[in-house]
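Sharing a sequence plus its predicted fold:
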Amino acid sequence: MSQTPSHDYIVIGAGSAGCVLANRLSADPDRSVLLLEAGGKDRNPLFRLPMLMGKLFQSGIYNWHYHTEPEPYLNGRSVYWPRGKVLGGSSTINGMLYVRGNRRDYDRWAQLGLPGWSYEEVLPAFRRSEGHIQRKDDFHNSEGELTVCRARGSNPLHEVFIEAGTQAGHPKNDDFNGEEQEGFGRFDFTIRDGKRWSTSRAFLKPVQQRENLHVETGALTHRIIVENDRAVGVEYSQDGQTKRVYANREVILSAGTVNSPQILLLSGIGPADELAALGIDTVHDLPGVGKNLQDHVDCVMSWECLKPVTLYDDLRADKLMVSMAQGLLFGRGIVTTFPYEGGAFMKTHEGLESPDIQLHFMPALEKTANLHFPNPFRKKADTENNHGFTMRVGPVNPESRGEITLHSSDPTQAPKILANYLKSDFDIRTMIEGIRMTREVIAQKAFDPYRGQELAPGPDCESEADLIAWLRATAMTTFHPVGTCKMGTDPQAVVDARLNVHGIAGLRIADASVMPIISSGNTNAPAIMIGERAADFILSET
């Protein structure tokens, strides 16, 4: 077993939060930082093209390619869970939506006894990272490393969708990250010059020449080394060798909602009974590790479009090849946009303080997102039948909770994921109300020239029983898992308000796993903010 030199800080995981930490902690040349990433480098040029996100999600090359256990409330279906396994983590393969969540999310965290996490306290961390191309005000910054821009697409159905929302009585919203979240509008994206701007590109690449920053890829963490209740190093494998490296100051675990609890459990930190059953010696009995798993569940509604104005023709494989060349060379073309540009946050009931439903609107059918080749023998009418639009509908504050556990003590074996989607009746009722409100939006005058037959769930799926059956058969993830190493002071808490692991000195966790309650919307921006807050805490203490 070989031994490598020690470093002041070891960051496990070069994902959305880990890249931020590597940047901030290595800014002082007197501090040495080691960043360990299980995946490879993000050199593939296809990473840069936003429209190819769907292909990256399906690929197992840069992706952990996880699947849940058979979900008991989804008719026993196993749900696919893509997670980034590459520099930049999931920010290198995700949909690039920049959504911070609702201000009340963070005020709720603070009310749980977590000082430093109210909206007013986290807003500066959001702004510090952000380099918005078009916005600069009390909520936005134009000088941060993370380039953010408005939606770039020009498809007319996005404006039809927004107009229909206002006709249905909802407000129009130009900025979901501004004063208020509620309303219909377009999302912002982490796209720069027509190319994906991951945390690796934003935070890591500009500083990778720092002599005090060391990045190791293909480094699979086996366990955190703990001596006398203090984290002192990390054991990992690389190129077929098992290695150890030691931390002079801290180990920061930023491996994500799945891998952070997995690494803790492999290290003997977690529920003692579960560890004993797998033959793992208990280093510290911490019952909340892997619990409190939350994710945004949603459903996919779709309609035929009566006019050929959708993305169907743009996403033909022959046209897409030309667009890919334009995107890579000049940062232009359909591949430099993301199809789900339209969105909304709605309240299902009057009196709610904040929206409880999120919509993602795409001017295409889900099947169109896959490459398709033209058929010269297809009739024109058949071609038009491929035109449609899609709405993804889901609750932003799900009540259902799942868990991450181990299959075995083997670090190369994927952990067990049980999300328990739709376990809660509250989630089901909220989704059904969201479906009915979405139908009201599509029924508005703005959609009259375009609206064809409802394809899913279909006009005959109307009763509560039918909708529940459809949801259990088709509901899926929005790819936002959080919460498995939650902040708090209760017996299930894993870290405190400064992200220190309870009972283990010199060990922090900084990623979406620390969220006590899921944020209201896409979770990449909050994960980056958590990386910023972790850096604040560490640097203020040194």
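Thanks, I have it. Residues are numbered from 1 along each chain as shown.

Quick one: end-to-end length of stretch 56-65, please.
11 Å (CA to CA, to the nearest Å).

Excluding its own residues, what touches it? List them.
39-40, 42, 44, 46-47, 80-86, 92-93, 258-259, 414, 479 (CB atoms under 8 Å, 6 or more residues apart in numbering). All C-beta spots, glycine's among them, are computed from the backbone N, C-alpha and C.

any chance you could map the helices in the stretch 401-542 of the chain?
425-442, 464-474, 524-541 (DSSP state H, counting those that start in this stretch).

Buried residues, the first one. List them.
For helix 425-442, burial by neighbour count (16 or more other CB atoms under 10 Å) applies to 427-428, 430-435, 437-439, 441-442.

out of these, who's nearest residue 308?
The shortest approach to residue 308 among those belongs to residue 442, at 18.6 Å (CB to CB).

State the pLDDT value of that closest one.
In this prediction, residue 442 carries a pLDDT score of 98.

ok, now residue 369?
pLDDT recorded at residue 369 is 51.

what does residue 349 give?
As predicted, residue 349 sits at a pLDDT of 93.

same deal with residue 93?
pLDDT recorded at residue 93 is 94.

Excluding covalently adjacent residues, which one is nearest to it?
In this structure, residue 93 finds its nearest non-sequential neighbour in residue 56, 4.0 Å apart by CB to CB, 6 or more residues apart in numbering.

mind checking which helix or strand the one you found is in?
Taking DSSP states H and E as the definition, residue 56 sits inside helix 53-58.

now that helix, how far from the centre of its chain.
14 Å (CA atoms, centre = their mean, to the nearest Å).

strand partners of the helix or strand following it, parallel vs antiparallel please.
Remark: after helix 53-58, the chain's next helix or strand is strand 66-67, criterion DSSP H and E. Sheet pairing for strand 66-67, assigned by DSSP bridges, gives strand 80-81 (antiparallel).

Which parts of the helix holding residue 56 count as buried, going by neighbours?
Neighbour-count burial for helix 53-58, with 16+ other CB under 10 Å as criterion, is recorded at 53, 54, 56, 57.

Of the helices of the stretch 401-542 of the chain, which is nearest residue 210?
Comparing the helices of the stretch 401-542 of the chain by CB to CB, helix 524-541 comes nearest, at 15.1 Å.

how about the helices of this structure, start to end?
Ranges of helices within the chain are 18-25, 53-58, 103-111, 119-129, 157-167, 199, 256-266, 272-277, 317-330, 380-384, 425-442, 464-474, 524-541, based on DSSP state H.

Any chance of these in CSV with distance to residue 408 as columns?
Formatted as CSV, the helices of the chain follow (distance: least, CB to CB, whole Å):
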stretch, distance to residue 408
helix 18-25, 26
helix 53-58, 27
helix 103-111, 34
helix 119-129, 38
helix 157-167, 47
helix 199, 31
helix 256-266, 10
helix 272-277, 10
helix 317-330, 42
helix 380-384, 51
helix 425-442, 31
helix 464-474, 31
helix 524-541, 28
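
re the thing from before, tell me which of the helices of the stretch 401-542 of the chain sits nearest to residue 119.
With distances scored as CB to CB, the stretch of the helices of the stretch 401-542 of the chain nearest to residue 119 is helix 524-541 (11.0 Å).

Could you export that closest one as CSV, keeping only the C-alpha atoms?
Extracted in CSV, the C-alpha atoms of helix 524-541 (Å, rounded to 0.1, in the frame of the first residue of the first chain):
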residue,chain,number,x,y,z
ASN,A,524,-27.8,22.6,-8.9
ALA,A,525,-27.7,26.3,-8.0
PRO,A,526,-28.4,25.5,-4.3
ALA,A,527,-25.6,22.8,-4.4
ILE,A,528,-23.1,25.4,-5.6
MET,A,529,-24.3,27.8,-2.9
ILE,A,530,-23.7,25.1,-0.3
GLY,A,531,-20.1,24.9,-1.6
GLU,A,532,-19.7,28.6,-1.2
ARG,A,533,-21.1,28.5,2.4
ALA,A,534,-18.8,25.6,3.3
ALA,A,535,-15.8,27.7,2.1
ASP,A,536,-17.0,30.6,4.2
PHE,A,537,-17.1,28.5,7.3
ILE,A,538,-13.7,26.9,6.7
LEU,A,539,-11.9,30.1,5.9
SER,A,540,-13.5,32.0,8.8
GLU,A,541,-12.1,29.4,11.2
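
got the angle between it and helix 256-266?
Per axes from the mean of the first three to the mean of the last three CA atoms, to 10 degrees, the angle that helix 524-541 makes with helix 256-266 is 50 degrees.

that older thread, name the nearest of the buried residues of helix 425-442 relative to residue 407.
The closest of those, once distances to residue 407 are taken by CB to CB, is residue 427, at 27.1 Å.

and that closest one, what does it touch?
Residues in contact with residue 427 (CB under 8 Å, 6+ apart) are 297, 395, 398, 399, 400, 421.

now swap in residue 498 and tell me
Residues near residue 498 by CB under 8 Å, 6+ apart: 116, 508, 537.

How about residue 129?
Shown in contact with residue 129 (CB under 8 Å, 6+ apart): 20, 141, 144, 145, 146, 202, 528, 529, 532.

Taking those, tell me the two that lie furthest apart.
Of all pairs drawn from those, the one with the longest distance (CB to CB) is 20 and 141, at 14.6 Å.

shouldn't residue 440 be in contact with residue 168?
Yes: counting by CB atoms under 8 Å, residue 168 is a contact partner of residue 440 at 5.3 Å.

ranges for the strands of the stretch 351-500 of the chain?
Here the stretch 351-500 of the chain has its strands, by DSSP state E, counting those that start in this stretch, at 357-362, 388-395, 403-405, 416-418, 451-456, 476-477.

Give me the helices and strands touching the third one, please.
Using 3 or more CB pairs under 8 Å, 6 or more residues apart in numbering; DSSP states H and E as the contact test, the elements touching strand 403-405 are helix 256-266, strand 416-418.

ok, 10 Å please
Secondary-structure packing of strand 403-405 (3 or more CB pairs under 10 Å, 6 or more residues apart in numbering; DSSP states H and E): helix 256-266, helix 272-277, strand 416-418.

Over to the second one?
Counting by 3+ CB pairs under 10 Å, 6+ apart, the packing neighbours recorded for strand 388-395 are helix 157-167, strand 297-305, strand 342-346, strand 357-362, helix 425-442, strand 451-456, strand 476-477.

Alpha carbons only: can I get that strand in PDB?
The C-alpha trace of strand 388-395 is given here as PDB (Å, rounded to 0.1, in the frame of the first residue of the first chain):
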ATOM      1  CA  GLY A 388     -46.500  18.100 -30.100                       C
ATOM      2  CA  PHE A 389     -45.600  19.700 -26.800                       C
ATOM      3  CA  THR A 390     -44.800  18.400 -23.300                       C
ATOM      4  CA  MET A 391     -45.300  19.600 -19.800                       C
ATOM      5  CA  ARG A 392     -43.600  18.100 -16.800                       C
ATOM      6  CA  VAL A 393     -45.600  18.600 -13.600                       C
ATOM      7  CA  GLY A 394     -44.400  18.000 -10.100                       C
ATOM      8  CA  PRO A 395     -44.600  19.200  -6.400                       C
END
